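> have a look; sequence and predicted model below, questions after that.
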Amino acid sequence: MGRKILLVVDMQNDFCHPNGSLYVKGAEKVIEKINKEIRSNKYDQIWATQDWHPNNHISFAENHKGKKPFDTITLKNQETNKEYEQVLWEIHCVPFLKAGCEFAKWDEPEGDSLMKVNSIDDRRFDLIFRKGTNPNIDSYSAFYDNEGNPTGLGDMLQPTDNVYVCGVAGDYCCKFSAIDCAKMDIAWKGTTDFKKCNVFFMDDLTAYVDPFNKEKVHQELKDAGVKIIEVNNERN
């Protein structure tokens, strides 16, 4: 049947906290849902990704004169010279710059004295993979950067794996990670018997930058062979 792998994508303070520099609306609401999966003992492996950018990263609007977040620029692939569009973002997930790059964790007042803890259970992660470290190339996907170069995480996959993707954002890093994973041809070491993983997109365990993109995202996932599931419906 193969391994069951939970891939938790970019559940970091800058994306999940309402005051995060690139807050994804509703991201804080999926923290406990993801924690239930992490603690469910259903998975053989739990992997997590983190955006991990230098402060001169090419995707930061501040590094392009006259540009603002959500503008786009045209870049050229360093290998193929093919042009592609890059969305520009607020500065986010820079190591040692506040705590934005760390896994989601903060407290909130609840009632008169109790504190509500918003914390992704990172103690149970078997593997933590950091992406977007190259200042000249962004990397939405956990498996390939935005110019199509493998990140190395795919080398950890086995051809019978079942990969369950959750986190943020549904219309960016989760989507591209799921699609790239589904497209990969994987063989056991020393063989040429290539197979593809089974990939599941956990829709109710994701949050979207633009919720109006959901229908389009779902079609792209289906076209790539990704199965879209809702965990709460599976339990009912």
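Yes, it's here. In this text, all values refer to a predicted model and were calculated from it rather than measured experimentally. Residues are numbered from 1 along each chain as shown.

> every contact and neighbour count from this point should use C-alpha atoms.
Will do.

> do you know how far the closest residue in space to residue 196 that isn't next to it in sequence is from residue 195?
In space, and not counting its chain neighbours, residue 196 is closest to residue 185: 5.3 Å by Cα to Cα, 6 or more residues apart in numbering. Using Cα to Cα, to the nearest Å, one obtains 5 Å as the distance from residue 185 to residue 195.

> tell me the bridge partners for residue 206.
Each beta-bridge partner of residue 206 is listed here, defined by DSSP bridges: residue 167.

> who's in contact with residue 214?
Residues touching residue 214, when contacts are defined by Cα atoms under 8 Å, 6 or more residues apart in numbering, comprise 170, 171, 208.

> out of those, which is most surrounded?
Among the contacts of residue 214, residue 170 has the most neighbours (other Cα atoms under 10 Å), with 30 neighbours.

> one step back: got any residues that touch both of residue 185 and residue 195?
residue 159.

> on that earlier part again, the residue nearest to residue 196 - how many residues pack around it?
By other Cα under 10 Å, neighbour count at residue 185 equals 15.

> so what's it up against?
Neighbour list for residue 185: 159, 194, 195, 196 [criterion: Cα under 8 Å, 6+ apart].

> so how far is residue 124 from it?
From residue 185 over to residue 124 (counting by Cα to Cα), the distance is 28 Å.

> just residue 226 next, same as before
Counting by Cα to Cα, the separation of residue 226 from residue 124 is 25 Å.

> more neighbours: the two, which one.
Counting neighbours by other Cα under 10 Å for residue 226 and for residue 124 shows that residue 226 has the greater number, 25 against 14.

> the more buried one and residue 197 touch, don't they?
No: the pair formed by residue 226 and residue 197 falls short of the contact definition of Cα atoms under 8 Å, at 9.6 Å.

> what is in contact with these two at once?
Contact criterion Cα under 8 Å, 6+ apart; residues bridging residue 226 and residue 197 by contacting each: residue 182.

> where does pLDDT dip in this structure?
111-115, 233-236 (pLDDT under 70).

> now do the strands in it.
In the chain, the segments counted as strands under DSSP state E are 4-9, 45-51, 72-76, 83-87, 105-110, 114-119, 127-131, 162-168, 198-207, 227-229.

> for residue 179, find the nearest of those.
Distances from residue 179 to each of the strands of the chain were compared using Cα to Cα; the minimum, 8.3 Å, belongs to strand 198-207.

> the closest one to strand 4-9, inter-axis angle?
Interaxial angle of strand 198-207 relative to strand 4-9 (axes from the mean of the first three to the mean of the last three Cα atoms, to 10 degrees): 40 degrees.

> what is strand 198-207 packed up against?
Packing contacts for strand 198-207, counted by 3 or more Cα pairs under 8 Å, 6 or more residues apart in numbering; DSSP states H and E, involve strand 162-168, helix 173-183, strand 227-229, helix 231-235.

> okay if I get those as a markdown table plus distance to residue 143 and mean neighbour count?
Putting those into a markdown table (distance: least, Cα to Cα, whole Å; neighbours: other Cα atoms under 10 Å) gives the following:
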| stretch | distance to residue 143 | mean neighbour count |
| --- | --- | --- |
| strand 162-168 | 12 | 27 |
| helix 173-183 | 6 | 23 |
| strand 227-229 | 18 | 17 |
| helix 231-235 | 24 | 10 |
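
> tell me which of the strands of the chain is the most buried.
The highest average neighbour count among those, using mean count of other Cα atoms under 10 Å, belongs to strand 162-168 at a mean of 27.

> and the angle from it to strand 4-9?
In terms of direction (the same axes, to 10 degrees), strand 162-168 departs from strand 4-9 by 20 degrees.
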